[in-house]
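Peer 1: Pasting a predicted model and its sequence here:
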Amino acid sequence: MLHDPARKTTKPPILIVLHQERSSAGRVGQLLLDKGFPLDIRRPVLGDPLPPTLANHSGAVVFGGPMSANDPDGFVRSEIDWLSVPLKENRPYLGICLGAQMLVRQLGGKVAADRHERVEIGWYPIHPTEKGRLLMQWPKMVYHFHREGFDLPHGADLLAKGDLYPNQAFRYGDNAWGIQFHAELTRAMMQRWVVHGAHRFIMPNAQQGREHLEGRMLFDAPLKAWLSGFLDQVFEKSLQSAD
(Lines give C-alpha, C1' and ligand atoms only; values in the text may rest on other atoms or scores of the structure.)
Protein backbone atom coordinates (compact mmCIF):
# COMPACT_ATOMS: atom_id res chain seq x y z
CA MET A 1 0.00 0.00 0.00
CA LEU A 2 1.54 3.28 -1.11
CA HIS A 3 1.00 6.09 1.37
CA ASP A 4 1.64 9.33 -0.51
CA PRO A 5 -0.09 12.45 0.86
CA ALA A 6 -0.77 15.33 -1.48
CA ARG A 7 2.75 16.66 -1.72
CA LYS A 8 5.17 16.91 -4.59
CA THR A 9 8.30 14.81 -4.37
CA THR A 10 10.82 13.35 -6.77
CA LYS A 11 12.10 10.82 -4.25
CA PRO A 12 11.29 7.14 -4.71
CA PRO A 13 9.27 5.61 -1.86
CA ILE A 14 10.72 3.89 1.16
CA LEU A 15 9.53 0.34 1.76
CA ILE A 16 7.94 0.02 5.21
CA VAL A 17 7.61 -3.54 6.57
CA LEU A 18 5.23 -4.00 9.52
CA HIS A 19 4.36 -7.15 11.43
CA GLN A 20 0.81 -6.74 12.73
CA GLU A 21 -2.46 -5.65 11.15
CA ARG A 22 -2.70 -2.50 13.26
CA SER A 23 1.00 -1.69 13.42
CA SER A 24 2.09 1.79 12.40
CA ALA A 25 5.28 3.34 11.09
CA GLY A 26 4.73 5.95 13.80
CA ARG A 27 7.21 8.75 14.10
CA VAL A 28 9.56 7.17 11.56
CA GLY A 29 6.81 7.34 8.98
CA GLN A 30 5.89 10.91 9.91
CA LEU A 31 9.49 12.10 9.66
CA LEU A 32 10.12 10.32 6.36
CA LEU A 33 7.02 11.91 4.87
CA ASP A 34 8.20 15.29 6.13
CA LYS A 35 11.54 14.66 4.41
CA GLY A 36 9.75 14.03 1.11
CA PHE A 37 9.74 10.22 0.98
CA PRO A 38 6.48 8.45 0.07
CA LEU A 39 5.86 5.24 2.03
CA ASP A 40 5.24 1.83 0.47
CA ILE A 41 3.68 -0.05 3.42
CA ARG A 42 3.60 -3.84 3.36
CA ARG A 43 2.73 -6.55 5.88
CA PRO A 44 4.22 -9.90 4.80
CA VAL A 45 2.58 -11.62 7.80
CA LEU A 46 -0.77 -10.81 6.11
CA GLY A 47 0.41 -12.00 2.69
CA ASP A 48 1.86 -8.83 1.17
CA PRO A 49 4.79 -9.62 -1.14
CA LEU A 50 8.20 -8.00 -0.77
CA PRO A 51 9.74 -6.58 -3.96
CA PRO A 52 12.43 -8.62 -5.72
CA THR A 53 14.52 -5.46 -6.05
CA LEU A 54 14.80 -2.08 -4.33
CA ALA A 55 15.78 -0.35 -7.55
CA ASN A 56 12.52 1.62 -7.43
CA HIS A 57 12.76 2.45 -3.71
CA SER A 58 14.90 4.82 -1.67
CA GLY A 59 15.48 2.03 0.85
CA ALA A 60 13.62 -0.04 3.41
CA VAL A 61 12.68 -0.01 7.09
CA VAL A 62 11.73 -3.26 8.84
CA PHE A 63 10.01 -2.63 12.16
CA GLY A 64 9.58 -4.66 15.34
CA GLY A 65 6.90 -7.09 16.41
CA PRO A 66 5.96 -9.59 19.11
CA MET A 67 7.55 -12.49 17.25
CA SER A 68 11.19 -13.62 17.40
CA ALA A 69 13.73 -13.73 14.57
CA ASN A 70 14.22 -17.35 15.70
CA ASP A 71 10.58 -18.31 15.14
CA PRO A 72 9.93 -21.06 12.55
CA ASP A 73 7.07 -19.17 10.85
CA GLY A 74 7.42 -19.03 7.10
CA PHE A 75 7.12 -15.26 6.84
CA VAL A 76 9.93 -14.78 9.40
CA ARG A 77 12.30 -16.98 7.41
CA SER A 78 11.21 -15.33 4.15
CA GLU A 79 11.86 -11.83 5.51
CA ILE A 80 15.31 -12.82 6.75
CA ASP A 81 16.10 -14.32 3.34
CA TRP A 82 14.74 -11.21 1.59
CA LEU A 83 17.29 -9.02 3.38
CA SER A 84 19.84 -10.26 0.87
CA VAL A 85 18.18 -7.82 -1.56
CA PRO A 86 19.17 -4.52 0.14
CA LEU A 87 22.54 -6.02 1.08
CA LYS A 88 23.41 -7.16 -2.47
CA GLU A 89 22.07 -3.95 -4.01
CA ASN A 90 23.69 -1.76 -1.33
CA ARG A 91 20.40 0.03 -0.74
CA PRO A 92 19.66 1.82 2.54
CA TYR A 93 18.19 -0.52 5.12
CA LEU A 94 17.11 0.21 8.69
CA GLY A 95 16.10 -2.59 11.04
CA ILE A 96 14.34 -1.64 14.28
CA CYS A 97 14.34 -4.23 17.09
CA LEU A 98 13.01 -7.34 15.27
CA GLY A 99 14.18 -5.79 12.00
CA ALA A 100 17.70 -5.46 13.41
CA GLN A 101 17.59 -9.02 14.73
CA MET A 102 16.51 -10.28 11.31
CA LEU A 103 19.48 -8.48 9.77
CA VAL A 104 21.78 -10.14 12.30
CA ARG A 105 20.36 -13.55 11.37
CA GLN A 106 20.85 -12.80 7.66
CA LEU A 107 24.47 -11.91 8.40
CA GLY A 108 25.09 -15.14 10.30
CA GLY A 109 24.83 -13.83 13.87
CA LYS A 110 22.77 -15.15 16.77
CA VAL A 111 19.68 -13.73 18.45
CA ALA A 112 19.07 -14.87 22.02
CA ALA A 113 17.68 -13.89 25.41
CA ASP A 114 19.85 -12.87 28.33
CA ARG A 115 21.00 -15.98 30.22
CA HIS A 116 19.09 -14.77 33.29
CA GLU A 117 16.03 -13.97 31.11
CA ARG A 118 16.26 -10.30 31.95
CA VAL A 119 14.51 -7.95 29.54
CA GLU A 120 14.68 -4.32 28.51
CA ILE A 121 11.14 -2.97 28.71
CA GLY A 122 11.09 0.74 29.48
CA TRP A 123 13.76 3.45 29.40
CA TYR A 124 17.44 2.50 29.67
CA PRO A 125 20.74 4.30 28.98
CA ILE A 126 22.87 3.76 25.90
CA HIS A 127 26.51 4.68 25.38
CA PRO A 128 27.78 5.61 21.90
CA THR A 129 31.07 4.13 20.80
CA GLU A 130 33.78 6.29 19.23
CA LYS A 131 32.46 5.42 15.78
CA GLY A 132 28.95 6.29 16.88
CA ARG A 133 30.05 9.65 18.29
CA LEU A 134 31.76 10.51 15.02
CA LEU A 135 28.45 10.10 13.19
CA MET A 136 26.18 12.19 15.40
CA GLN A 137 25.03 13.05 18.90
CA TRP A 138 23.11 10.31 20.70
CA PRO A 139 20.43 10.47 23.39
CA LYS A 140 21.36 9.32 26.87
CA MET A 141 18.17 7.29 27.34
CA VAL A 142 16.16 5.25 24.83
CA TYR A 143 12.94 3.24 24.93
CA HIS A 144 13.00 -0.55 24.77
CA PHE A 145 10.47 -3.34 24.52
CA HIS A 146 12.36 -6.57 23.92
CA ARG A 147 13.33 -9.84 25.56
CA GLU A 148 16.11 -10.87 23.18
CA GLY A 149 19.35 -9.29 22.01
CA PHE A 150 21.82 -10.03 19.23
CA ASP A 151 25.45 -10.68 18.46
CA LEU A 152 27.39 -8.04 16.61
CA PRO A 153 27.63 -9.42 13.05
CA HIS A 154 31.11 -10.13 11.73
CA GLY A 155 32.40 -7.04 9.94
CA ALA A 156 29.85 -4.67 11.48
CA ASP A 157 30.68 -1.47 13.37
CA LEU A 158 29.16 -1.12 16.84
CA LEU A 159 27.72 2.39 17.23
CA ALA A 160 26.10 2.25 20.68
CA LYS A 161 26.27 -0.07 23.69
CA GLY A 162 23.90 -0.89 26.54
CA ASP A 163 24.43 -2.00 30.12
CA LEU A 164 22.48 -5.26 29.91
CA TYR A 165 22.30 -6.00 26.19
CA PRO A 166 25.66 -4.76 24.90
CA ASN A 167 24.81 -4.35 21.21
CA GLN A 168 22.32 -1.52 20.76
CA ALA A 169 23.13 -0.02 17.35
CA PHE A 170 25.36 -1.07 14.49
CA ARG A 171 26.19 -0.39 10.89
CA TYR A 172 27.12 -3.03 8.34
CA GLY A 173 28.81 -1.82 5.19
CA ASP A 174 27.71 1.55 3.88
CA ASN A 175 23.95 1.27 4.07
CA ALA A 176 22.69 -1.40 6.48
CA TRP A 177 21.78 -0.25 9.98
CA GLY A 178 20.25 -1.96 13.01
CA ILE A 179 19.00 -0.53 16.30
CA GLN A 180 17.68 -2.51 19.26
CA PHE A 181 15.54 0.29 20.72
CA HIS A 182 12.40 2.16 19.67
CA ALA A 183 12.48 5.83 18.73
CA GLU A 184 9.40 5.58 16.51
CA LEU A 185 6.68 5.58 19.17
CA THR A 186 4.17 8.40 19.25
CA ARG A 187 2.49 9.04 22.59
CA ALA A 188 -0.61 7.13 21.46
CA MET A 189 1.54 4.17 20.41
CA MET A 190 3.31 4.09 23.77
CA GLN A 191 0.00 4.16 25.62
CA ARG A 192 -1.20 1.17 23.56
CA TRP A 193 2.01 -0.74 24.23
CA VAL A 194 1.75 -0.05 27.96
CA VAL A 195 -1.84 -1.33 28.02
CA HIS A 196 -1.43 -4.37 25.76
CA GLY A 197 2.05 -5.26 27.03
CA ALA A 198 1.31 -4.91 30.75
CA HIS A 199 1.60 -8.67 31.26
CA ARG A 200 5.32 -8.36 30.44
CA PHE A 201 6.03 -5.92 33.28
CA ILE A 202 6.52 -8.81 35.72
CA MET A 203 9.54 -10.02 33.73
CA PRO A 204 13.01 -9.52 35.28
CA ASN A 205 14.34 -5.96 34.81
CA ALA A 206 11.10 -4.66 33.22
CA GLN A 207 9.81 -1.25 34.28
CA GLN A 208 6.20 -0.61 35.27
CA GLY A 209 3.81 1.24 32.99
CA ARG A 210 3.92 4.53 34.87
CA GLU A 211 7.72 4.58 34.43
CA HIS A 212 7.27 4.25 30.67
CA LEU A 213 5.02 7.31 30.52
CA GLU A 214 6.99 9.34 33.07
CA GLY A 215 10.19 8.55 31.19
CA ARG A 216 8.63 9.82 27.98
CA MET A 217 8.15 13.26 29.54
CA LEU A 218 11.85 13.35 30.51
CA PHE A 219 13.59 11.64 27.61
CA ASP A 220 11.43 11.77 24.49
CA ALA A 221 12.44 15.18 23.09
CA PRO A 222 16.14 14.32 22.64
CA LEU A 223 15.17 10.88 21.30
CA LYS A 224 12.95 12.48 18.65
CA ALA A 225 15.70 14.93 17.66
CA TRP A 226 18.15 12.04 17.38
CA LEU A 227 15.75 10.05 15.19
CA SER A 228 15.39 12.86 12.67
CA GLY A 229 19.15 13.16 12.30
CA PHE A 230 19.58 9.39 12.19
CA LEU A 231 17.08 9.03 9.35
CA ASP A 232 19.09 11.65 7.45
CA GLN A 233 22.20 9.52 7.98
CA VAL A 234 20.47 6.40 6.68
CA PHE A 235 18.50 7.79 3.75
CA GLU A 236 19.42 11.38 2.82
CA LYS A 237 23.20 10.86 2.80
CA SER A 238 22.78 7.76 0.69
CA LEU A 239 20.80 9.76 -1.87
CA GLN A 240 23.45 12.49 -1.89
CA SER A 241 26.25 9.99 -2.45
CA ALA A 242 24.31 8.40 -5.31
CA ASP A 243 23.89 11.74 -7.12
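Peer 2: Perfect, I can see it now. Quick caveat, the model's predicted, so the values are computed rather than measured.
Peer 1: Quick check: which element contains residue 227?
Peer 2: helix 209-231 (DSSP states H and E).
Peer 1: Now do that helix: distance to the chain's middle.
Peer 2: The chain centroid and the centroid of helix 209-231 are separated by 15 Å, computed with Cα atoms, centre = their mean, to the nearest Å.
Peer 1: residues in contact with residue 54?
Peer 2: 15, 60, 85, 86, 89, 91 (Cβ atoms under 8 Å, 6 or more residues apart in numbering). Glycine gets a C-beta too; all of them are placed from N, C-alpha and C.
Peer 1: distance between the ends of stretch 41-48?
Peer 2: End-to-end distance for stretch 41-48: 9 Å, by Cα to Cα, to the nearest Å.
Peer 1: Now the element after the lowest-mean-pLDDT helix or strand in the chain, going C-ward?
Peer 2: Least confident element among the helices and strands of the chain, by mean pLDDT, DSSP states H and E: strand 2-3 (a mean of 58). Sequence order places strand 14-17 as the next helix or strand after strand 2-3, per DSSP H and E.
Peer 1: Now do that following strand, average pLDDT.
Peer 2: Average pLDDT, strand 14-17: 98.
Peer 1: Same check on stretch 193-211?
Peer 2: On average, stretch 193-211 scores 96.
Peer 1: cool, stretch 177-185 as well?
Peer 2: pLDDT averaged over stretch 177-185 gives 98.
Peer 1: Okay, buried residues for stretch 56-64 please.
Peer 2: 57, 58, 59, 60, 61, 62, 63, 64 (16 or more other Cβ atoms under 10 Å).
Peer 1: One more: stretch 80-93?
Peer 2: Applying 16+ other Cβ under 10 Å to stretch 80-93 flags 80, 82, 83, 85, 86, 87, 91, 92, 93 as buried.
Peer 1: Ok, stretch 129-148 next?
Peer 2: Buried residues in stretch 129-148 (16+ other Cβ under 10 Å): 129, 132, 135, 138-139, 141-148.
Peer 1: So which of those are in helices?
Peer 2: 132, 135 (DSSP state H).
Peer 1: Just put the buried residues of stretch 129-148 in CSV and tack on distance to residue 70.
Peer 2: CSV is the format used below for those (distance: Cβ to Cβ, whole Å):
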residue, distance to residue 70
129, 26
132, 27
135, 30
138, 28
139, 29
141, 28
142, 23
143, 23
144, 19
145, 17
146, 13
147, 12
148, 8
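Peer 1: who's residue 145 bridged to?
Peer 2: residue 121 (DSSP bridges).
Peer 1: what residues are up against it?
Peer 2: If you count contacts by Cβ under 8 Å, 6+ apart, then residue 145 has 64, 97, 120, 121, 182, 193, 197, 200 around it.
Peer 1: Among those, which one sits closest to residue 73?
Peer 2: residue 64 (15.2 Å; Cβ to Cβ).
Peer 1: who's in contact with the closest one?
Peer 2: Residues near residue 64 by Cβ under 8 Å, 6+ apart: 19, 96, 97, 98, 99, 145, 146, 182.
Peer 1: distance of the residue lying closest to the fifth one once chain neighbours are set aside from residue 195?
Peer 2: Same thing as residue 99. Once flanking residues are discounted, residue 99 sits nearest to residue 62: 3.2 Å by Cβ to Cβ, 6 or more residues apart in numbering. Residue 62 sits 25 Å away from residue 195, taking Cβ to Cβ, to the nearest Å as the criterion.
Peer 1: coming back round to it: can you say which two of the buried residues of stretch 80-93 are spatially most distant?
Peer 2: Maximum pairwise distance among the buried residues of stretch 80-93 (Cβ to Cβ): 18.3 Å, between 80 and 92.
Peer 1: Report how many residues lie close to the spatially closest residue to residue 10 that is not a sequence neighbour.
Peer 2: Leaving aside its chain neighbours, residue 10 sits nearest to residue 36 (8.0 Å; criterion: Cβ to Cβ, 6+ apart). Neighbour count of residue 36, defined by other Cβ atoms under 10 Å: 14.
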